[in-house]
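Novice: prediction below, plus the sequence it came from.
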Amino acid sequence: MADLVEKSKKLSAYAAVDDNLLSSHRVIGIGSGSTVVYVAERVGQASNKNDLVCIPTGFQSRQLIIDNGLRLGSTEEYPEIDIAFDGADEIDTNLGLIKGGGACLFQEKLVAACSKQLVVVADYRKDTGVLGKGWRKGVPIEVVPAAYTKVSLDLAKLGGNPVVRSGLPAKAGPVVTDNGNFIIDCDFGEIPPARVAELNAKIKALVGVVETGLFVGLASKAYIGNADGTITKKTV
Ligand SMILES: O=C[C@H](O)[C@H](O)[C@H](O)COP(=O)(O)O
């Protein structure tokens, strides 16, 4: 099972890069997570790798770029990105996403918002069609530390079940993001694809919320690696 999942991650990542990385591209967003490891590996094998500048979505992503011999850039220097590749925790029928399982959602959304296109890479477990169906840990929400109690109360009023993400066993106390903030995982049950934008807007409007792990209208394509070795390609 673990081997099948790993193979499908690599399959999706390699296919996404092979199909979408063009010789005209110069600025590439490299996302976070275990699937994107294979994206960075494949971009590092590209014949035009020395022409590329890669923009990371966090500390892990930055290391992937360096380890694969790619040139590192930032959104401050390159606010216009040709294409970004990133993973997802769950994907719905509109290519709405839950992201942030690894606490990297803010910089991921920043890079996605700077990019002309966002290509999602994922194994078959993520493609459930409805957010909150397979990913039962809740929607990751990055909050300013001083506001976590207030935002938790607000989220409960919105019908969610908020839990501040613990750093245990590696760290006593909450997880601290690459931006020095906390993560609240908030379970809203299944979120119908047509309701994702509305819920995202309500969470985003709460004072103390930096960003949500609901990605709406950002992904243009998804590459799903299947257990049988095939790839499902989705577009909106
Ligand atoms: O914060 C983490 C990111 O949103 C990841 O892209 C997401 O959790 C998917 O990661 P993986 O490819 O390891 O399932």
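Specialist: Now that the structure is in, tell me what you want to look at.
Novice: report whether the longest helix seen in the chain contacts the ligand.
Specialist: With secondary structure taken from DSSP state H, the chain has its longest helix at helix 2-20. No. Taking CB under 6 Å from any ligand atom as the criterion, helix 2-20 and the ligand are apart, separated by no less than 6.6 Å. In this view, the C-beta of every residue, glycine as well, is placed from N, C-alpha and C.
Novice: got the buried residues for that helix?
Specialist: Using 16 or more other CB atoms under 10 Å as the test for burial, helix 2-20 gives 6, 8-17, 20.
Novice: okay, the residues you listed in JSON lines with pLDDT and distance to Q60 next?
Specialist: Shown next, in JSON lines, are the buried residues of helix 2-20 (pLDDT from 0 to 100; distance: CB to CB, whole Å):
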{"residue": "E6", "pLDDT": "97", "distance to Q60": "17"}
{"residue": "S8", "pLDDT": "98", "distance to Q60": "20"}
{"residue": "K9", "pLDDT": "98", "distance to Q60": "15"}
{"residue": "K10", "pLDDT": "98", "distance to Q60": "17"}
{"residue": "L11", "pLDDT": "98", "distance to Q60": "21"}
{"residue": "S12", "pLDDT": "98", "distance to Q60": "18"}
{"residue": "A13", "pLDDT": "98", "distance to Q60": "15"}
{"residue": "Y14", "pLDDT": "98", "distance to Q60": "19"}
{"residue": "A15", "pLDDT": "98", "distance to Q60": "22"}
{"residue": "A16", "pLDDT": "98", "distance to Q60": "18"}
{"residue": "V17", "pLDDT": "98", "distance to Q60": "18"}
{"residue": "N20", "pLDDT": "98", "distance to Q60": "22"}
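Novice: now do the buried residues in stretch 221-236.
Specialist: Buried, per 16+ other CB under 10 Å, within stretch 221-236: 221-226, 231, 234.
Novice: and stretch 175-191, end to end?
Specialist: 25 Å (CA to CA, to the nearest Å).
Novice: please say whether there is contact between it and the ligand.
Specialist: No. Residues of stretch 175-191 are not located near the ligand by CB under 6 Å from any ligand atom, the shortest gap being 9.1 Å.
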